[in-house]
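[1] sequence first, predicted model second:
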Amino acid sequence: MSLSSTHTMTCPVCGKTGDADLYSSVNVHENPELKEKVSSGELFVWTCPECGHKSVLRYPVLYHDPDEKVMVWLTFDEEAQQQAKRFFNSMESLNEYCGRLVDDTGSLIEKVHIFDAGLDDLAIEMCKYVIRQEKGSELSLKFVRMDGAEGDLIFTYPKDGQMEMLAVGLNVYEDCRGILSRNPDVASSAKGLVRIDEGWISSVIR
């Protein structure tokens, strides 16, 4: 079930206060309306009722999609991550789940986008690695969606204070999936509740 608590927020612009619901867990089967709020980032924004200023909220949350058997934990410290791992690994009912750890809101949103598109986040991270190698830069890429008749993968990245878009052909993703299928040890490293990100792909590709 989804769990939330009400917190009093103070607007940094006008100084007025208002209530915000902060979720410790989100079950999108029981509360499907929350799925869009996570995907859009709305769940992590508080709007001042007085002046309308929008403040970004930073708090830990468990995203749970029991239909797709996906759990994504957003945590901010090592102790909380270890507690989440112990819980996940102790629950036999979660053996078939895809469990992921993230430490920022943007990464949680990206994971939701990836799984909603029916994609493999391991292959997505490999795609990012290929893109960075080809462009010779340290692009901070985030997957956004699939687009177009050919199913291009759309990524965003910051450049000169703006967010740029980058389209990558589905063939790149399929090639990355093929590489993973030929390297079962790499896929096995994603079992349990793990962090799959740029650090992970750098550790498995040497």
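    All right, it came through fine. Numbering: from 1, shown residues only.

[2] what's the first helix or strand after the longest strand that the chain contains?
    Determined from DSSP state E, the single longest strand within the chain is strand 17-27. Note on strand 17-27: by DSSP states H and E, the next helix or strand toward the C-terminus is helix 33-40.

[3] residues in contact with that following helix: which ones?
    For helix 33-40, the external contacting residues (CB atoms under 8 Å, 6 or more residues apart in numbering) are 2, 23, 26-28, 42-43, 63, 65, 108-109, 112-113, 116. Heads up, the C-betas are built off the backbone N, CA and C, glycines and all.

[4] try it again at 6 Å.
    By CB atoms under 6 Å, 6 or more residues apart in numbering, the list of residues contacting helix 33-40 from outside reads 26, 28, 43, 112.

[5] please enumerate the helices of the chain.
    33-40, 78-90, 105-116, 121-135, 170-181, 184-188, 198-204 (DSSP state H).

[6] in TSV, list the ones you listed along with mean pLDDT, mean neighbour count and distance to T156.
    Formatted as TSV, those follow (pLDDT from 0 to 100; neighbours: other CB atoms under 10 Å; distance: least, CB to CB, whole Å):
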stretch	mean pLDDT	mean neighbour count	distance to T156
helix 33-40	96	16	14
helix 78-90	92	13	26
helix 105-116	97	20	9
helix 121-135	93	19	12
helix 170-181	93	15	16
helix 184-188	84	11	26
helix 198-204	88	14	15
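
[7] any chance of those helices in JSON lines, plus distance to G15?
    Compiled in JSON lines, these are given as follows (distance: least, CB to CB, whole Å):
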{"stretch": "helix 33-40", "distance to G15": "27"}
{"stretch": "helix 78-90", "distance to G15": "31"}
{"stretch": "helix 105-116", "distance to G15": "25"}
{"stretch": "helix 121-135", "distance to G15": "41"}
{"stretch": "helix 170-181", "distance to G15": "48"}
{"stretch": "helix 184-188", "distance to G15": "52"}
{"stretch": "helix 198-204", "distance to G15": "39"}
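
[8] which one of the ones you listed lies closest to E50?
    Distance to E50, taken as CB to CB, is lowest for helix 33-40 among the helices of the chain, at 22.2 Å.
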